[in-house]
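A.B. asks: just a sequence and a predicted model for now, questions to come.
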Amino acid sequence: MQSINPFTGQIIQEYSEYSSTEVEEIILKVDRAFQSWKLTGFEQRAICMKNLQAKLLEKKEELAGIMVAEMGKVKREAIGEVEKCAWVCTFYAENAVSFLKNESIKTEASESYVSYQPIGTVLAVMPWNFPFWQVFRFLAPALMAGNTGVLKHASNVCGCALAIEQLVAEAGFPDDVFRALLIGSNAVKAVIENPLIKAVTLTGSTPAGKSVAAAAGSVLKKSVLELGGSDPYLILEDADIETAARLCVTSRLLNAGQSCIGAKRFIIIDKVYDQFKAEFVRLMSEATFGDPLDPQTTIGPLARPDLRDELHQQVAKSVEMGATILLGGYIPEGKAPFYPPTVLENVVPGMPAYHEELFGPVAVLFRANSEEEAILMANDTVFGLGAGVFTYNIEKGKALAEKGLEAGCVFVNDFVKSDPRLPFGGIKESGYGRELSVVGIREFVNVKMVVVR
Ligand code: NAP
């Protein structure tokens, strides 16, 4: 396994994959750690979690640097990501006790209640695009619930995986409550089948999700899946077009467009289409790509050359089939896998840009003749992660959010963001289950009924 700096092309470090025996030994240790960690109180767990929060903030420059080097994220965003990880640690340190307290239910018995108990070691299979945040939003609730965890991170971010493992140890958690497994995706099935692994969560692409869900289903273990998205944004006739264009561009370009909840499809009511298009293309054209360490850079390179080439294929094939390029759409000179901010229109069913997730700075504009048509277009996708509506009429925005758009998260007059306080996840081929908030911490617990006569 290699970490390669996408900007410089240099190999940062090579790692040997752990053998199946090494993996089994680690899982055994993590299970042993669970046997005592599950008996600790929330107060003790919260002390460790707050230490972890402090360690993250203390080392944020260094940790951000690992992300920049391994996957090309711009430094400013990498620092923000570490700070968000610190937030989720504080959030669960402070709230786990109330989220998991016993709940009385009135019955004929003298006492009846629900008790939330940890289940054991959970496997987390994670992607490279937010290599700290994705892990922490699993890790913080899992450990606060009394579970232990093993992490199979994406193969190109082994340095991030090991840095997180080390941080947890430095924060004073007992040995082995959280361990990284340096393994390839072909070794995941055997880990899921290990009797000491009690559940699995995967954040990644839909094909990876289907494979992990099948493996988990075959041994009857619970899974949570956070998968891809092709988030639609509706721009209604009464929207503040300048604000809508600005927020849509911000969302589309965040993390060089490599975000599951990046705004990807823009469905604009005919009457305001040209105005939105002009503003949107103008703002997209202002973005600069370059060295992720340079504070002037808006977007860094994509994480790997193969990912950039795949994205360009999706664009090129759509153009061959009749799509129009308004901006970008070419492979820039040089070795680093940059892709320029790109805007397409005249995209119709059958084209890759219509159906597939575009994991990079590529936006597609669609013209809709009515709100009804806009909703049909928004929902004409296998994905159902996030969505947005821009409108002056808040009641209408809420109605479309609640009843119109097929998605797990909908924002009115803003772009979708994850937030420790709010449940996050998707429907359809974007997955199932939720992370974050009270809902996320209850995914991997035994909801135990206790009745006393
Ligand atoms: P990916 O190729 O699916 O990889 C994600 C993780 O799954 C990696 O650790 C990968 O390991 C592993 N993996 C891949 N195929 C597997 C298989 N058949 N069985 C078991 N494990 C497998 O995704 P990615 O390219 O890293 O990330 C981009 C995708 O993640 C996008 O589709 C994006 O939308 C999605 N994503 C979703 C969310 C969300 O919250 N919904 C958040 C972020 C990203 P290797 O690296 O070793 O292949």
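C.D. replies: Nice, thanks for sending it over. Residues are numbered from 1 along each chain as shown.
A.B. asks: check which helix or strand the spatially closest residue to residue 73 that is not a sequence neighbour maps to.
C.D. replies: Using Cβ to Cβ, 6 or more residues apart in numbering and skipping the chain neighbours, the partner closest in space to residue 73 is residue 67 (5.0 Å). Where C-beta positions appear, they are placed from N, C-alpha and C, glycine not excepted. For residue 67, the enclosing helix or strand under DSSP states H and E is helix 60-71.
A.B. asks: tally of neighbours for residue 154?
C.D. replies: For residue 154, the neighbour count with other Cβ atoms under 10 Å is 24.
A.B. asks: show me what counts as buried in the helix holding residue 67.
C.D. replies: 60, 63, 64, 65, 66, 67, 68, 69, 70, 71 (16 or more other Cβ atoms under 10 Å).
A.B. asks: do the helix or strand residue 93 falls within and the ligand meet at all?
C.D. replies: In this assignment (DSSP H and E), residue 93 forms part of helix 75-99. No. Using Cβ under 6 Å from any ligand atom, helix 75-99 never reaches the ligand; the gap is at least 12.0 Å.
A.B. asks: ok, and what's touching the helix holding residue 67?
C.D. replies: With Cβ atoms under 8 Å, 6 or more residues apart in numbering as the test, helix 60-71 has contacts from 3, 5-6, 12, 56, 73-75, 78-79, 81-83, 86, 128-129, 131-132, 156-157, 159-160, 163, 167, 292-293, 300, 303.
A.B. asks: so which strand or helix has residue 318?
C.D. replies: Short version: residue 318 belongs to helix 305-320, going by DSSP H and E.
A.B. asks: buried sites along the next helix or strand along the chain from that helix?
C.D. replies: For helix 305-320, the following helix or strand on the C-terminal side (DSSP H and E) is strand 324-327. Buried residues in strand 324-327, defined by neighbour count with 16+ other Cβ under 10 Å: 325, 326, 327.
A.B. asks: strand 324-327 pairs with which strands?
C.D. replies: strand 342-345 (antiparallel) (DSSP bridges).
A.B. asks: thought residue 206 was touching residue 228?
C.D. replies: Yes. Contact criterion Cβ atoms under 8 Å: residue 206 and residue 228 qualify, at 5.1 Å.
A.B. asks: any shared contact partners between those two?
C.D. replies: Common contacts of residue 206 and residue 228 (Cβ under 8 Å, 6+ apart): 383, 429, 430.
A.B. asks: what count of nearby residues applies to the residue in the chain positioned nearest to the ligand?
C.D. replies: In the chain, the residue found nearest to the ligand is residue 204; the distance is 2.7 Å by Cβ to the nearest ligand atom. Neighbourhood size, residue 204 [other Cβ under 10 Å]: 23.
A.B. asks: residues contacting it?
C.D. replies: 125, 126, 127, 154, 226, 227.
A.B. asks: same thing but 10 Å
C.D. replies: 125-129, 134, 154, 185, 211-212, 225-228, 260, 431 (Cβ atoms under 10 Å, 6 or more residues apart in numbering).
A.B. asks: do the same with residue 118
C.D. replies: For residue 118, the contact set (Cβ under 10 Å, 6+ apart) comprises 34, 37-39, 100, 142-148, 198, 444-446.
A.B. asks: if we use 7 Å, what do you get?
C.D. replies: The contact partners of residue 118, taken as Cβ atoms under 7 Å, 6 or more residues apart in numbering, are 38, 145, 146, 147, 445.
A.B. asks: cool, residue 393 as well?
C.D. replies: Contact analysis of residue 393 by Cβ under 7 Å, 6+ apart lists residue 238.
A.B. asks: quick one, phi psi at it?
C.D. replies: With angles defined as degrees, to the nearest 10, residue 393 sits at phi -90, psi 100.
A.B. asks: and the buried residues of strand 324-327 as CSV, adding distance to residue 308 and pLDDT?
C.D. replies: Listed next are the buried residues of strand 324-327 as CSV, based on distance: Cβ to Cβ, whole Å; pLDDT from 0 to 100:
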residue, distance to residue 308, pLDDT
325, 17, 98
326, 20, 98
327, 17, 98
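A.B. asks: closest one of these to residue 350?
C.D. replies: Using Cβ to Cβ, residue 325 comes nearest to residue 350 of the buried residues of strand 324-327, at 17.7 Å.
A.B. asks: who's the closest one bridged to?
C.D. replies: Going by DSSP bridges, residue 325 is paired in beta bridges with residue 344.
A.B. asks: now do the strands in the stretch 151-300 of the chain.
C.D. replies: Using DSSP state E, counting those that start in this stretch, the strands of the stretch 151-300 of the chain run over residues 178-180, 197-203, 222-226, 231-235, 263-269.
A.B. asks: quick check on residue 149: phi, psi?
C.D. replies: Dihedral angles for residue 149 - degrees, to the nearest 10 - are phi -140, psi 150.
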